[in-house]
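K.L.:
everything below, folded, please.
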Amino acid sequence: MKFHLVALAIAAAALPARADMVGHGAIVNSIAVSRDGTRVISGSWDYTVRLWDLAQRRELAVLNEHFASVNAVAFLPDGRNALSGSRDATLKLWDLAGGTVIRTFEGHVNNIAAVAVSPDGRLAASASWDPSVKIWEIATGRLIHTLTDHRANVNAVAFLPDGRTLVSAGYDWTIRLWDVADGAPLAVLKGHENSVNGLAVSADGRRLASASTDETVRLWDLETRAEIRRFAGHSGFVTAIALSPDGRTLLSGGRDRVIRLWDAETGRRLREMAGHQKPVWTVAYTPDGKRGLSAGYDEVIKVWDLETGAPAIP
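P.N.:
Have a look, this model is predicted:
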C-alpha cells in the first residue's frame, strides 16, 4: 500500500498562483470533479489515482494500488468515496479520507476504459475491452449484469439521471442503451463513422453527446433516439466530451490539442482554448458551469475560464 498525503500548504502558499495541476508522471486520461466543486480526481498511465484541491490546484493524495494504467475515475455522490478502473482489469472503490481501498471488483478480463456511478450512488457500471459492460452493486461488490452486445472494445459508459437507463459506446461505432434493472438492450444509435470514444448525458436526461475518431461530436435526442446535431471542427480524433450542467454548452478535446466550447442548441463554436502541448484525452465542467478542466498526453490538468477562454488562475 502506497498512500502519500501531501502536506505542503505553507510552501504552496508561497508559490505563484497557477492554472494547472501538475504531478502525474504519464498521460492523464480521466478526470472528475466532486459535486461540491472543491476537489478533482484523476487517473493516469503512471498507475496512480490523484486527489486535488481545485481552488488551490494542490495535490492532496496519491492513491497507488493499481498494477497498470488507470483509465477511469468517478466520485460517488457523497464525495467521500471514488471508483477507479484500470488496464489491470479491476475496478477499485476508495475511501478518500484514509486513502485505502474498500473493495476491488474483479470480473473483467481486459482493460477497463470507463466507469460510471448511478445518481443514487448504489450502482457502478464499467466498460471494458473484453468487450463488455458490467453493472455492479457498490455496497457489496456483487456483479448484477454483464452486457455483451458490443462487437469490439467498449470505451464509454454513462447512467441517465433517472438511474434506470445505461448508455455505452465503443469501437464498433455504435452507442447502445440498456435497461439497468434487467440488462436488456433498449436501442442502438448509429451514425458515427469510426470508434466512439466518449459520452456525456445532459442533466435532464433528454440529450446525449458523443465524441468519435471520425473527428466529430454529435448530439442525440434520447426520446426519439435520433441524431439532432453534428459539431465539426476538430482535426483528428475526438476523445473527450462533456455537457454543461445546464445543457446549453459542451466541451470537446482530442488529437489537435485544442479544447472547443460549443453552443449545444445551434452547433456554433463559441471558443477555442489552446495550451496543451500534446493530444487531449479528457474534459470536465465544474458544477457551476463556469470553468472547464482538460488533461491528456502532456501529463497536466488545465483549468479554463469558459467566459474568456483564458487559463483560470485561482
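
K.L.:
going forward, measure contacts and count neighbours with C-alpha atoms only.
P.N.:
Fine.

K.L.:
and Thr239, which of the three is it?
P.N.:
Three-state call for Thr239 (DSSP: H, G, I helix; E, B strand; the rest coil): strand.

K.L.:
isn't it up against Val283?
P.N.:
No: counting by CA atoms under 8 Å, Thr239 sits too far from Val283 to count as a contact (9.1 Å).

K.L.:
need the residues touching each of these two.
P.N.:
Ser252, Gly253 (CA atoms under 8 Å, 6 or more residues apart in numbering).

K.L.:
so who does the nearest residue to Pro161 once chain neighbours are set aside touch?
P.N.:
Closest residue in space to Pro161, ignoring its immediate chain neighbours: Gly205 at 5.7 Å, by CA to CA, 6 or more residues apart in numbering. Listed by CA under 8 Å, 6+ apart, the contact partners of Gly205 are Leu160, Pro161, Asp162, Leu222.

K.L.:
now these in CSV, with distance to Pro131, neighbour count and secondary structure?
P.N.:
Conversion of the contacts of Gly205 to CSV gives the following (distance: CA to CA, whole Å; neighbours: other CA atoms under 10 Å; DSSP: H, G, I helix; E, B strand; the rest coil):
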residue, distance to Pro131, neighbour count, secondary structure
Leu160, 21, 22, coil
Pro161, 25, 17, coil
Asp162, 26, 13, coil
Leu222, 24, 18, coil
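
K.L.:
for these, which one is nearest Thr104?
P.N.:
Nearest to Thr104 among those is Leu160, at 24.6 Å by CA to CA.

K.L.:
element containing the residue nearest to Pro161?
P.N.:
If you go by DSSP states H and E, Gly205 is not part of any helix or strand.

K.L.:
count of residues packed around Ile112?
P.N.:
31 (other CA atoms under 10 Å).

K.L.:
before we move on, what about Asp78?
P.N.:
What Asp78 shows, counting by other CA under 10 Å, is a neighbour count of 12.

K.L.:
confirm that it sits in a strand.
P.N.:
No: counting by three-state DSSP, one finds Asp78 to be coil, located in no strand.

K.L.:
quick one: pLDDT of it?
P.N.:
Note for Asp78: predicted pLDDT of 94.

K.L.:
state the distance from it to Asp263.
P.N.:
31 Å (CA to CA, to the nearest Å).

K.L.:
next secondary structure after the helix or strand of the chain with the lowest mean pLDDT?
P.N.:
Scoring the helices and strands of the chain by mean pLDDT, DSSP states H and E places helix 9-13 at the bottom, with a mean of 38. Using DSSP H and E, the helix or strand that follows helix 9-13 in sequence is strand 20-22.

K.L.:
what is that following strand packed up against?
P.N.:
In terms of contacts (3 or more CA pairs under 8 Å, 6 or more residues apart in numbering; DSSP states H and E), strand 20-22 is packed against strand 300-305.

K.L.:
can you tell me the average pLDDT over the strand it packs on?
P.N.:
The average pLDDT for strand 300-305 rounds to 98.

K.L.:
can you name the residues in contact with it?
P.N.:
So strand 300-305 is contacted by 19-24, 28, 273, 290-295, 310-312 (CA under 8 Å, 6+ apart).

K.L.:
repeat for stretch 283-295
P.N.:
Residues outside stretch 283-295 that contact it (CA under 8 Å, 6+ apart): 28-33, 35-37, 240-246, 251-253, 259, 276, 280-282, 301-307, 312.

K.L.:
same check on stretch 134-143?
P.N.:
Against stretch 134-143 from outside (CA under 8 Å, 6+ apart): 103-105, 121-127, 144-147, 180.

K.L.:
if we go to 7 Å?
P.N.:
Phe105, Arg122, Leu123, Ala124, Ala125, Ser126, Ala127, Ile144, His145, Thr146, Leu147 (CA atoms under 7 Å, 6 or more residues apart in numbering).
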